[in-house]
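J.: Please work out how this folds:
(2 chains)
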Number of protein chains: 2
Amino acid sequence: MELYEAIFKRRDIRHFQRRPVPHEITMKILKAAHHAGSVGYMQPWNFVVIESHLVKEQILQVFEKSNAQARKVYTGNAQKLYDSLKLQGIVDAPINIAVTCRHETADGQPVLGRHSIPEMDVYSTCCAIQNLWLAARAEGVGVGWVSILDPHEVKKILKIPESVTLVGYLCLGFPEEFSDQPLLEKVGWRRRLSLDEVIFRNYWDER
Amino acid sequence: MELYEAIFKRRDIRHFQRRPVPHEITMKILKAAHHAGSVGYMQPWNFVVIESHLVKEQILQVFEKSNAQARKVYTGNAQKLYDSLKLQGIVDAPINIAVTCRHETADGQPVLGRHSIPEMDVYSTCCAIQNLWLAARAEGVGVGWVSILDPHEVKKILKIPESVTLVGYLCLGFPEEFSDQPLLEKVGWRRRLSLDEVIFRNYWDER
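T.: I've put the predicted structure just below:
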């Protein structure tokens, strides 16, 4: 698939098909993620590929608990709309992938380029996730990023060490369909900003 | 350009050509960035496109100061190697782009999906940067991410509000050449991890 097609047709997924994602495709997607640039060539990411139904059920319980909190910030019609939205596909998706960031290197050496901005390792990990997302799209696989999850509880379930950051929890599978529009735009939750709105020239707020 | 080609041939740049990047290409790259997914469709990013030589010179001074600190963590041969590396192209690059993240929305509404993990807005901004990086590669434009910069000093120069996070400072231009290997791999600073090393099954450390 052409790059721009992957970028512009990448979408969150409403419903997953049950059919499994072939191992070769999962590995192709993970290889793309692993080829992101990283600060000091640190490659701080790990990918916990979850196919266990038991684990997915436990993560779903974390979602339910976190979402019970999250929905409270809305009231009235906004809350009604919120409750109608598809915000996770944890158990339905054939594969879940937890993407994490190690902050230390195996050799204990300081990471080149991370002195002024220590968060660069997490930023690199996010770049890997975007590669994963685009590669999945090119393979016809949809990705949902579930962000309504208490990361500490997810880490406990997946036995991720305290010192490692959970950056993304992703659900992957072949979708029933790729939507033609971002879901939250479609339901009128928020509009797409124009490109001109987000660009400044030389200084903040100058155009 | 095909997606995987952009992913696998994306590279940091050693030397930029002086010729300017046409406006249409810059806008195409920024449009790709702006089409990243974002938590709650927040689109928290802004792009400060810097062509002013004066501003670039000021940013270069911040780099010099930050790098004087950063290089101190190495000694002996490691420091010699460090000093020989090309770690910025701020003034040489025809365009610099500071990518920022707003943590508040214009309408003041809470952002859907950001309740459990507030950093989701920064993660979204990083996804936009990866889109930018890949689109640039597809257009033959190289990107260097300069991370050896005190973000507070950069923000002061660019008049970025205190409440906004500087996520990435990028240098863009047509490269003399795209290297066939990541620079830090080439000089023996760090090796590429094997894909198997970074993948776990169901639980951390299980394979």
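
J.: Checking residue A:54 next. Helix, strand or coil?
T.: Following DSSP: H, G, I helix; E, B strand; the rest coil, we place residue A:54 in the helix state.

J.: Quick check, pLDDT for it.
T.: Looking at residue A:54, its pLDDT is 98.

J.: residues touching the most centrally placed residue in chain A, list them.
T.: The centroid of chain A falls nearest to residue A:145 when counting by CA atoms, centre = their mean (3.6 Å). Applying CB atoms under 8 Å, 6 or more residues apart in numbering or on different chains to residue A:145 gives the contacts A:12, A:129, A:133, A:168, A:169, A:170, B:37, B:39. Bear in mind the C-beta positions are built from the backbone N, C-alpha and C, glycine included.

J.: who does it bridge with?
T.: residue A:170 (DSSP bridges).

J.: Which residue does chain A have closest to chain B?
T.: Taking CB to the nearest CB as the measure, chain A has residue A:126 as its residue closest to chain B, at 3.3 Å.

J.: Run through the residues that contact residue A:15.
T.: Residues near residue A:15 by CB under 8 Å, 6+ apart: A:86, A:89, A:92, A:175, A:176.

J.: Just want the phi and psi numbers for it.
T.: Main-chain dihedrals, residue A:15, degrees, to the nearest 10: phi -130, psi 140.

J.: Give me the distance between the least confident helix or strand in chain A by mean pLDDT and the centre of its chain.
T.: Ranking every helix and strand in chain A by mean pLDDT, DSSP states H and E puts helix A:183-186 at the bottom, with a mean of 93. From the chain centre to the centre of helix A:183-186 is a distance of 18 Å (CA atoms, centre = their mean, to the nearest Å).

J.: Also stretch A:34-42?
T.: Relative to the centre of its chain, stretch A:34-42 is centred 18 Å away, using CA atoms, centre = their mean.

J.: quick one: the helices in chain A?
T.: Secondary structure of chain A (DSSP state H): helices located at A:3-9, A:23-34, A:53-70, A:76-84, A:120-138, A:151-158, A:183-186, A:195-198.

J.: right, so the ones you listed: which one is the most enclosed?
T.: With neighbours defined as mean count of other CB atoms under 10 Å in any protein chain shown, those peak in mean count at helix A:120-138, which reaches a mean of 26.

J.: just to revisit the earlier point, is any residue of the least confident helix or strand of chain A near chain B?
T.: Yes - judged by CB under 8 Å from any CB of the partner chain, helix A:183-186 comes into contact with chain B at A:184, A:185.
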